[in-house]
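A.B. asks: Sequence and predicted structure below; questions after.
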Amino acid sequence: MRDASWTEGVLSTGPATISDPPSFIMPNQGLQGARGTNAGELALDISEDAPRNIYAMKEMWANEYGIQKAPGFDLMEKDDIDGREVYATTTADMPTGTSVLYVPQGLILSSDKAMEELRRSELYDIEQLLIASGLEESDLQQYYLMLKLLSEIQNGRESPWYSWLNSLPRYFSNAPAMTDYCLVCLPPLMRKIASEERTKQQQLCNMDALGEVPFLTESMKSHESYIKWAYQIVYTRAVPSEDGTNYMIIPLADYFNHGSEYQEITSSFDEQGNYMAYTSYDVPAGSPLRISYASGSNPSHLLARYGFLDEDCPATYCKLLPPTVNQDMLDLGYSYERMLFYKSGEVADEVWDIFLYDVLNNVNSNEQQQLMNAHRTGDYSTKLALHEKYYTETSTALLAHIDNFIEDIDTLLHKAETVGVNDPTNSPYIKYEHPRLPLIHRHNLFVRETFQAVRDLYTPGDMKWKQATRYTVQECDEVAMECAMAECVEDANGNWECEGGLGPNADGSERPYKTQQIIMQHSS
């Protein structure tokens, strides 16, 4: 896109494809010390309802610091039920290969730079503590990136990144921002992923991780809101290098949204480390500009880490959580990214392999070993023969797993509905106590629909659920002033059968003033 290099702190440029930026002072490479050191008096307001100054960042700060934007590149601001969203878009047609964005390397916040600048002997014990707690090398890299952000927050308006910081989100919907009640409304795998995310935040944001950091003030180290906010910015906006050894936050490029099936943007770096973004295909005006954050087949991870539901995900993990996972199962493809249920109802080959492996473990260990030998040697005809021989057993086990999951997730859907998740605007409990619950509810419905699609495709014709309709019904006794939920099924002939609900009076008599109201239709 351009040839650029740093000379005595000033950007010198060769031919530019967008526009020549003004010269500017390079962002501080060394820590300047704590100016405005009282965290309670810092210029940056990070309260959830604080305004974000998007215009100053994209129109003034970006130009001043040498960021180049293609004509038509813009940031769209939108308010929805999950909060205010700001994302990159284009207002003009952009042919394939269009230079969309250029960010000088001096503006890029990276774990490599942060570790070179901030790492010192006083932090050795903290690093060892974090490693001993189970965190990985990537978390240690992001820890230093978090420290860099905190030091710049501490520098206040004197930080070269202040305007960018002041444009960032304050409200998050990911796992660390969820309430305990939100967690109990998640299915087991999602709850496990969310709990891991919350644990990671706790490990990196407590006094053990920050207490001995010499360049942060005591006031900053005790200011929990700034520490957690810095963590959120790093874990939701930093992207790994291709080899995974460096994490980078690239101002303005961090406004590219995620795309599962389509990514309009291809990213690269030149020899000096400057960032460049190009269109990967012809992008019409009014389109979002997206990259890939992670695997598009795991919406649960995207929700737990980034706080959004990607309804374009073509598949979801099948939610199989065996008590133990051995090497055979790993060889067969057991992983969140490969054990997939597709929205079409299809099932990934790895799922069938794992279910067959489990069936053979119970009925024929010799054939189980035969399966593994065939898999490892590429003998697909033998694998196919085993699948055909045991299809009844594997499909029965698959459907039992789906039935159990749907039963569990229906309970979670019901739990959220009892506190008003379907009417978040008028439910104080949702609006003020658990505002992320509607997003979790939509995630659960999305996953349930995928499981139902698999159920419908593989259920024998005379057993298909689509011959019946399932409802959640609220029963109330107006005299006794009692209400309870019932799960009901209406068969093809209009006959109803319900479980739960109020039941009869204590003396066994019928309730003459009982009313019933359908809360939700599950499937048909």
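C.D. replies: That came in fine, so what should we check first? Numbers count the residues shown, from 1 in each chain.
A.B. asks: Could you list the alpha-carbon positions for stretch 120-138 in CSV?
C.D. replies: Extracted as CSV, the C-alpha positions of stretch 120-138 are listed here (Å, rounded to 0.1, in the frame of the first residue of the first chain):
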residue,chain,number,x,y,z
ARG,A,120,11.4,-5.9,34.4
SER,A,121,12.7,-8.0,37.2
GLU,A,122,10.1,-6.8,39.7
LEU,A,123,7.4,-8.6,37.6
TYR,A,124,9.1,-12.0,37.5
ASP,A,125,7.2,-13.3,40.6
ILE,A,126,3.9,-12.1,39.1
GLU,A,127,4.6,-14.0,35.9
GLN,A,128,5.4,-17.2,37.7
LEU,A,129,2.2,-16.8,39.8
LEU,A,130,0.1,-16.4,36.6
ILE,A,131,1.7,-19.4,34.9
ALA,A,132,1.3,-21.5,38.1
SER,A,133,-2.4,-20.6,38.1
GLY,A,134,-2.9,-22.3,34.7
LEU,A,135,-2.7,-19.3,32.4
GLU,A,136,-1.0,-19.8,29.0
GLU,A,137,1.8,-17.9,27.3
SER,A,138,-0.8,-16.1,25.2
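A.B. asks: Okay, buried residues for it please.
C.D. replies: Counting neighbours by 16 or more other Cβ atoms under 10 Å, one finds that the buried residues in stretch 120-138 are 123, 126, 130, 135. Every C-beta, even on glycine, is put in place using the N, C-alpha and C of the backbone.
A.B. asks: and what of stretch 188-199?
C.D. replies: Buried positions in stretch 188-199, judged by neighbour count with 16+ other Cβ under 10 Å: 189-191, 193-194, 197-198.
A.B. asks: Stretch 363-373 too?
C.D. replies: By neighbour count, with 16+ other Cβ under 10 Å as the criterion, the buried positions of stretch 363-373 are 367-368, 370-372.
A.B. asks: And for stretch 430-448?
C.D. replies: 430, 434-448.
A.B. asks: CA atoms of that stretch as CSV?
C.D. replies: Listed in CSV are the C-alpha atoms of stretch 430-448, where the atom choice follows Å, rounded to 0.1, in the frame of the first residue of the first chain:
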residue,chain,number,x,y,z
ILE,A,430,-34.0,-7.7,33.1
LYS,A,431,-33.4,-4.0,32.5
TYR,A,432,-31.6,-3.3,35.8
GLU,A,433,-30.3,-6.6,37.1
HIS,A,434,-29.6,-8.9,34.1
PRO,A,435,-29.5,-6.9,30.9
ARG,A,436,-27.4,-9.5,29.1
LEU,A,437,-30.0,-12.2,29.6
PRO,A,438,-32.0,-11.5,26.4
LEU,A,439,-28.8,-12.2,24.4
ILE,A,440,-28.2,-15.4,26.3
HIS,A,441,-31.8,-16.4,25.6
ARG,A,442,-31.4,-15.8,21.9
HIS,A,443,-28.2,-17.9,21.9
ASN,A,444,-30.1,-20.8,23.6
LEU,A,445,-32.9,-20.5,21.1
PHE,A,446,-30.4,-20.5,18.2
VAL,A,447,-28.6,-23.6,19.5
ARG,A,448,-32.0,-25.4,20.2
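A.B. asks: before we move on, back to that, which members of the buried residues of stretch 363-373 occur in helices, if any?
C.D. replies: Using DSSP state H to define helices, the subset of those located there is 367-368, 370-372.
A.B. asks: Residue 149: which of those is nearest?
C.D. replies: Within those, the smallest distance to residue 149 is 48.0 Å, found for residue 372 (Cβ to Cβ).
A.B. asks: and that closest one, what is it in contact with?
C.D. replies: 328, 331-332, 357 (Cβ atoms under 8 Å, 6 or more residues apart in numbering).
A.B. asks: how near is it to residue 353?
C.D. replies: Here the criterion is Cβ to Cβ, to the nearest Å. By it, residue 372 lies 10 Å from residue 353.
A.B. asks: follow-up on the earlier one: save the buried residues of stretch 363-373 as JSON lines, and put in pLDDT and distance to residue 168 too.
C.D. replies: Written out in JSON lines, the entries for the buried residues of stretch 363-373 read as follows (pLDDT from 0 to 100; distance: Cβ to Cβ, whole Å):
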{"residue": "367", "pLDDT": "95", "distance to residue 168": "56"}
{"residue": "368", "pLDDT": "95", "distance to residue 168": "52"}
{"residue": "370", "pLDDT": "95", "distance to residue 168": "56"}
{"residue": "371", "pLDDT": "96", "distance to residue 168": "51"}
{"residue": "372", "pLDDT": "96", "distance to residue 168": "50"}
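A.B. asks: Adding distance to residue 479, write the residues you listed out as CSV.
C.D. replies: Shown next, in CSV, are the buried residues of stretch 363-373 (distance: Cβ to Cβ, whole Å):
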residue, distance to residue 479
367, 63
368, 61
370, 67
371, 62
372, 65
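A.B. asks: Could you work out the most separated pair of these?
C.D. replies: For the buried residues of stretch 363-373, the farthest-apart pair by Cβ to Cβ is 367 and 372; their separation is 10.0 Å.
A.B. asks: quick one on the thing from earlier: between residue 372 and residue 353, which contacts overlap?
C.D. replies: Overlap between the contact sets of residue 372 and residue 353, as judged by Cβ under 8 Å, 6+ apart, is given by residue 332.
A.B. asks: still on that earlier bit, mind picking the two most distant members of the buried residues of stretch 120-138?
C.D. replies: Between any two of the buried residues of stretch 120-138, the greatest separation by Cβ to Cβ is 14.1 Å, found for 123 and 135.
A.B. asks: residues near residue 105, how many?
C.D. replies: When counting by other Cβ atoms under 10 Å, one arrives at 20 neighbours for residue 105.
A.B. asks: Show me the shaky parts of the stretch 201-350 of the chain.
C.D. replies: Scanning the stretch 201-350 of the chain for pLDDT under 70 picks out 296.
A.B. asks: Now do the strands in it.
C.D. replies: Across the stretch 201-350 of the chain, reading from the start of the chain, the strands by DSSP state E, counting those that start in this stretch fall at 239-240, 247-249, 257-258, 265-269, 275-279, 290-291, 315-317, 340-342.
A.B. asks: Quick check, central residue of the chain?
C.D. replies: If you average the C-alpha coordinates of the chain and look for the closest C-alpha using Cα atoms, centre = their mean, you land on residue 302, 2.1 Å from that point.
A.B. asks: Check the spacing between the closest residue in space to that residue that isn't next to it in sequence and residue 319 real quick.
C.D. replies: The shortest distance from residue 302 to any non-neighbouring residue, by Cβ to Cβ, 6 or more residues apart in numbering, is to residue 310 (5.2 Å). Residue 310 sits 17 Å away from residue 319, taking Cβ to Cβ as the criterion.
A.B. asks: I'd like the strands of the stretch 201-350 of the chain as CSV, with mean neighbour count appended.
C.D. replies: Putting the strands of the stretch 201-350 of the chain into CSV (neighbours: other Cβ atoms under 10 Å) gives the following:
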stretch, mean neighbour count
strand 239-240, 15
strand 247-249, 23
strand 257-258, 20
strand 265-269, 16
strand 275-279, 21
strand 290-291, 20
strand 315-317, 24
strand 340-342, 23
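A.B. asks: would you list these in a markdown table and tack on distance to residue 168?
C.D. replies: As requested, the strands of the stretch 201-350 of the chain are exported to a markdown table (distance: least, Cβ to Cβ, whole Å):
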| stretch | distance to residue 168 |
| --- | --- |
| strand 239-240 | 15 |
| strand 247-249 | 10 |
| strand 257-258 | 15 |
| strand 265-269 | 20 |
| strand 275-279 | 18 |
| strand 290-291 | 18 |
| strand 315-317 | 30 |
| strand 340-342 | 33 |
